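Novice: Give the three-dimensional model of this entry:
(4 chains)
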Amino acid sequence: MAWSRDDMVKRAAAEIRGGTIVNLGIGLPTEVANFIPPGVDVLLHSENGLLGMGPFPYDDEVDPQLINAGKQTVTAKPGASTFDSALSFAMIRGGHVDLAILGGLEVACTGDLANWTVPGKLITGMGGAMDLAAGAKRVVVLQSHVAKDGKPKLVARVTLPVTALACVHRVITELGVFDPAGDHFVCIERAAGVGDDEIMRGTGAPVVFR
Amino acid sequence: MAWSRDDMVKRAAAEIRGGTIVNLGIGLPTEVANFIPPGVDVLLHSENGLLGMGPFPYDDEVDPQLINAGKQTVTAKPGASTFDSALSFAMIRGGHVDLAILGGLEVACTGDLANWTVPGKLITGMGGAMDLAAGAKRVVVLQSHVAKDGKPKLVARVTLPVTALACVHRVITELGVFDPAGDHFVCIERAAGVGDDEIMRGTGAPVVFR
Amino acid sequence: MSKVYPSVEAALDDAVLRDGMRIMSGGFGLSGNAEACIEAIARRGVKDLTIISNNCGNQGQGLAVLLKNRQVKKVICSFIGGNPDLAEQYLAGTVDVELNPQGTFAERIRAGGAGIGGFFTPTGVGTVVAEGKELRQMNGRTYVFETPLRADLAIVRAAVGDRYGNLRFHRTSRNFSPVMAMAADVTVAEVDELVEPGAIDPDDVHLPGLFVKRIVEVREHKNVIEFRTTRPRSGGVS
Amino acid sequence: MSKVYPSVEAALDDAVLRDGMRIMSGGFGLSGNAEACIEAIARRGVKDLTIISNNCGNQGQGLAVLLKNRQVKKVICSFIGGNPDLAEQYLAGTVDVELNPQGTFAERIRAGGAGIGGFFTPTGVGTVVAEGKELRQMNGRTYVFETPLRADLAIVRAAVGDRYGNLRFHRTSRNFSPVMAMAADVTVAEVDELVEPGAIDPDDVHLPGLFVKRIVEVREHKNVIEFRTTRPRSGGVS
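Specialist: Next up, the predicted model:
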């Protein structure tokens, strides 16, 4: 049976190693913060200028000038630091962020990522997506395996506007965990009861099972 | 009679306008700080990371980690700020320093400056000289009119290794005040009793008197 | 040396505001906006503005007021989601939008303020952002050339400031404000609290005063929250 | 997450130190040097080092100790005056010196830490510094292309730090240390005082901890003063 959203988010949380710097993209990836095991000491980076982001504030703690990149009110943990956007993106571009967990629209087996715009839809802008995809040491994408119309989102070649080339190390979908490997994906894990057929049917590139 | 060193330094201090940011080079220019009129509120920039540099400390105030670019112990005035070297030179290169008063070895009437090294002599390095010469909004050079061997230091073309091209706005020597004007210098002021002849004899480029 | 003005109207006078100018505005979404400065620009009605800001307001507020007033001809930014005014005028072709990756946006502004003529970044290579721009391979990686951004005016908000223009920002309100202050011919800062020189220790200054030309104390701010997210204090999981 | 090591010897272990490595060292002259780290490197005797530092010690002290020990093969810096050890070995041809304008030096290091592939600066145009480098005219001004600088190790001194590596510097001791910490594979910080996380307010952190890999508390420093200049407390003019 395919993983639930919570299962996917939990699986993404398992990608996080202690002692690292992690940036969680807007949307589903933001929820990964709720599933980081208590013993794992990680510093969350928010590209609007915060390292050591804590959970949402208590009602009487809300600070309008302490927000995350999704413009939600957050807190700062002990050991946190604030800084300007030039330094924040120096961190990202300079390879100082160990892991970025991002949403995706299409991932190619070459590691190319498309996640910022869909032609014909209202444009929103790339925000920090291109910097995170190109700059983070490791990029994990959290997305559904296929689009609403059934079209594969793991593909041989991205058809949507690119966010960054050859940047994705791992994709987590409701069907399993897939690593781009050049001309194919390697399925390194799958949801219980999901068969090869179902995965291959929903994937627009060759899949090697391990 | 030619100006004394103190006269020269005082004349250089008269270049300083209230409300501006001024960087004083190592050596003679450093002494300009002692002659800034009390009413002139200026912030002194020291390129090692201090804006709002104050006078030398009292003996019991000395802080080994509060120095100027000449590595002398200094103080910080109320309204001072400290910062890293990248920001300090962003200030200089970005045109945020209104005036730099620098020492000189040769100044050409084109505004070219040589002040960092003499071939054959022990090399010391350019330090911040090239950034200051190229970046400050206005560059005033404080130097002797001729070298010890009598060779002019105001010249048609610099012969020593260049610090920056077309950067000098004004030169103050013991004979007077000279502005580079392309193919000649304009003498805008002179020490009392110094004649045209003396100036022209000691200058390696045409001089127009005003 | 005093850069203090009695009001944002006085600080944003005829010497500063004019039609067709380029204005940088600090803030991330509606957080950390120079609210009083934005309102003053709206009241003055200068038009054909190019706004350089990460967002151009949101939810009809902040810089979106200038859009509603039809004062804006171009926006240079990184994100325009959640901004119906901009979407509408962009689709209608009345406002031009130049999108930048957020890090490239910040770095271009820093370059503008730091006297850098341009730089190579890996961000945007292979994307629409790099189209028509110079690419260069260095040490096995491909980079795209980006140019500096400057403006005639920057408006920023800070928590504390002194009459020399030294500023301290509160939490994530810092964002683009320091680099924008560096990259504009004139920077006007509105501060929650104006203090005496020396009240901010030299080591505690976030933005040295030489980057700020005019400063105004503005004690009241709306501090609009776009997404007020909280957790329960007791009972639930923390 | 604790980056705390019990001693500089433990922090500068075999995993970090090796012959032929590139080491960045913060400090301006002898002020703000990572004194204990320099001594540990001297004791360990690793050789063929490339030292990237504004000065390479002065007056026989600081990094000059590594020169005396013949551990240095190259120095990348901006100023070598007042350093007889370096002058002697440079003239003898046993140490190579690469001089950079100080601002270009700082900016190259920042570029190395910030993922910038290179940049154009007006500094050095028309001088020996620009020889053999790409020149480019932009907006009526000539710029020279400069490349990023990186290192295997950076050693910095700070006044206060916590176990996450967050640092605060005292006065002008900050200088090159923040950008060097960004530009090295491993940064070791020696701090006068180690405090609990949270003791430094997030807004008061000078260098966010992610740039520091190892941190050691070192309470004693020589704090050598190169030119002790003072003024009389009474009688004379202030």
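
Novice: which strands and helices sit next to the top strand by length along chain A?
Specialist: Ordering each strand of chain A by length in residues (DSSP state E) puts strand A:75-82 first. Contact here means 3 or more CB pairs under 8 Å, 6 or more residues apart in numbering or on different chains; DSSP states H and E; on that basis strand A:75-82 packs against strand A:43-46, strand A:50-54. Backbone N, C-alpha and C define where each C-beta goes, glycine included.

Novice: Residue A:188: neighbouring residues, count only.
Specialist: Neighbouring residues of residue A:188 were enumerated by other CB atoms under 10 Å in any protein chain shown; the total is 13.

Novice: ok, back up a step: can you tell me the strand partners of the longest strand of chain A and which way each runs?
Specialist: Within its sheet, and counting by DSSP bridges, strand A:75-82 is paired with strand A:50-54 (antiparallel).

Novice: Give me the nearest residue to residue 37, chain neighbours excluded.
Specialist: You didn't pick a chain, so chain A it is. In space, residue A:37 comes closest to residue A:13 once its chain neighbours are excluded; the distance is 7.3 Å by CB to CB, 6 or more residues apart in numbering or on different chains.

Novice: looking at chain C here, not the other one
Specialist: Counting by CB to CB, 6+ apart, the nearest residue to residue C:37 once its immediate chain neighbours are dropped is residue C:155, at 3.9 Å.

Novice: possible to save the helices and strands packed on strand A:75-82 as CSV with mean pLDDT and mean neighbour count?
Specialist: Converted to CSV, the helices and strands packed on strand A:75-82 look like this (pLDDT from 0 to 100; neighbours: other CB atoms under 10 Å in any protein chain shown):
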stretch, mean pLDDT, mean neighbour count
strand A:43-46, 98, 26
strand A:50-54, 97, 25
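
Novice: can you give me the strands in chain A?
Specialist: Taking DSSP E, the strands of chain A run over residues A:21-24, A:43-46, A:50-54, A:75-82, A:99-103, A:106-108, A:113-114, A:138-142, A:154-155, A:170-172, A:176-180, A:185-190, A:207-209.

Novice: Dump the helix or strand of chain C with the lowest mean pLDDT to CSV, restricted to CA.
Specialist: Least confident helix or strand, chain C: helix C:84-91 with a mean of 93, by mean pLDDT, DSSP states H and E. This file holds the C-alpha atoms of helix C:84-91, laid out as CSV (Å, rounded to 0.1, in the frame of the first residue of the first chain):
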residue,chain,number,x,y,z
PRO,C,84,-3.1,39.4,-6.7
ASP,C,85,-2.4,43.1,-7.6
LEU,C,86,0.9,42.3,-9.2
ALA,C,87,-0.4,39.2,-10.9
GLU,C,88,-3.3,41.2,-12.4
GLN,C,89,-1.1,44.1,-13.7
TYR,C,90,1.6,41.7,-14.9
LEU,C,91,-0.9,39.7,-16.9
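
Novice: in the chain, which spans are helices?
Specialist: Going with chain A. All helices of chain A, identified by DSSP state H, fall at A:5-13, A:85-93, A:129-135, A:196-201.

Novice: Actually, chain C is the one I wanted.
Specialist: Taking DSSP H as the criterion, chain C carries its helices at C:8-11, C:35-44, C:64-68, C:84-91, C:102-114, C:177-183.

Novice: give the contact list for the closest residue to residue A:34 other than its chain neighbours.
Specialist: Using CB to CB, 6+ apart and skipping the chain neighbours, the partner closest in space to residue A:34 is residue A:9 (7.5 Å). Residue A:9 makes contacts with A:28, A:31-32, A:34-35, A:142, as judged by CB atoms under 8 Å, 6 or more residues apart in numbering or on different chains.

Novice: of all these, which comes closest to residue B:154?
Specialist: Closest approach to residue B:154 among the contacts of residue A:9 (CB to CB): residue A:32, at 68.0 Å.

Novice: Could you tell me how many residues sit around that closest one?
Specialist: Around residue A:32 there are 25 other residues, counting by other CB under 10 Å.

Novice: likewise residue A:193?
Specialist: The local packing of residue A:193 (other CB under 10 Å) involves 8 other residues.

Novice: same question, residue C:196
Specialist: For residue C:196, using other CB under 10 Å, the count is 10.

Novice: from memory it sits against residue C:161, does it?
Specialist: No. Counting by CB atoms under 8 Å, residue C:196 stays clear of residue C:161, with 11.0 Å between them.

Novice: ok, the residue nearest to residue C:37 to chain D distance?
Specialist: 21 Å (CB to the nearest CB, to the nearest Å).

Novice: Same question for residue C:232.
Specialist: The separation that residue C:232 has from chain D, given CB to the nearest CB, amounts to 23 Å.

Novice: cool, residue C:31 as well?
Specialist: In terms of CB to the nearest CB, residue C:31 sits 15 Å off from chain D.

Novice: same thing with residue A:117?
Specialist: Plainly put, residue A:117 is 24 Å away from chain D if you go by CB to the nearest CB.

Novice: looking at it, that residue is touching residue A:161, isn't it?
Specialist: Yes. With contact defined as CB under 8 Å, residue A:117 counts as touching residue A:161 (5.3 Å).

Novice: Would you tell me which residues of chain C are close to chain D?
Specialist: With the criterion set to CB under 8 Å from any CB of the partner chain, chain C comes near chain D through C:107, C:111, C:114-122, C:136, C:138-139, C:141, C:143, C:147, C:168-171, C:202-204, C:206.

Novice: sorry, back to before: mean pLDDT lowest for which of the helices of chain C?
Specialist: Per-stretch mean pLDDT for those is lowest at helix C:84-91 (a mean of 93).

Novice: Can you report how many residues lie near the residue nearest to residue C:222 when sequence neighbours are not counted?
Specialist: What sits nearest to residue C:222 in space, not counting adjacent residues and going by CB to CB, 6+ apart, is residue C:35, at 5.9 Å. Neighbours of residue C:35 under the rule other CB under 10 Å: 23.

Novice: surely residue C:47 meets residue C:70?
Specialist: Yes. Applying CB under 8 Å, one finds residue C:47 in contact with residue C:70, separated by 7.1 Å.

Novice: what is in contact with the two at once?
Specialist: Counting by CB under 8 Å, 6+ apart, nothing touches both residue C:47 and residue C:70.

Novice: Surely residue C:185 is in contact with residue C:152?
Specialist: Yes. Using CB under 8 Å as the test, residue C:185 is close enough to residue C:152 to be in contact (5.3 Å).

Novice: Any regions of chain C where pLDDT drops low?
Specialist: Applying pLDDT under 70 to chain C flags the ranges C:234-238.

Novice: go again using 90 as the cut-off
Specialist: Within chain C, the set of residues satisfying pLDDT under 90 comprises C:1, C:58-60, C:81-82, C:233-238.

Novice: Name the nearest residue to residue C:2, ignoring sequence neighbours.
Specialist: The spatial neighbour of residue C:2 that comes closest, neighbours along the chain excluded (CB to CB, 6+ apart), is residue C:163 at 4.4 Å.

Novice: Mind listing what's buried along stretch C:37-54?
Specialist: C:37-41, C:44, C:46, C:49-54 (16 or more other CB atoms under 10 Å in any protein chain shown).

Novice: residues in chain A within reach of chain D, list them.
Specialist: Taking CB under 8 Å from any CB, the part of chain A that reaches chain D is made up of A:18-19, A:21, A:41-43, A:45, A:50-52, A:76-83, A:87, A:89-97, A:135.

Novice: Please name the residues that touch residue 48.
Specialist: Unless you meant another one, I'm taking chain A. Contacts of residue A:48 (CB under 8 Å, 6+ apart): A:67-69, A:85, A:88, C:28, C:172, C:175.

Novice: That was the other one, I meant chain C.
Specialist: For residue C:48, the contacting residues are C:19-20, C:71, C:73, taking CB under 8 Å, 6+ apart as the criterion.

Novice: Residue A:106 contacts residue A:146, correct?
Specialist: No. With contact defined as CB under 8 Å, residue A:106 does not reach residue A:146; the gap is 10.8 Å.

Novice: Quickly list what's touching both of these two.
Specialist: Common contacts of residue A:106 and residue A:146 (CB under 8 Å, 6+ apart): residue A:153.
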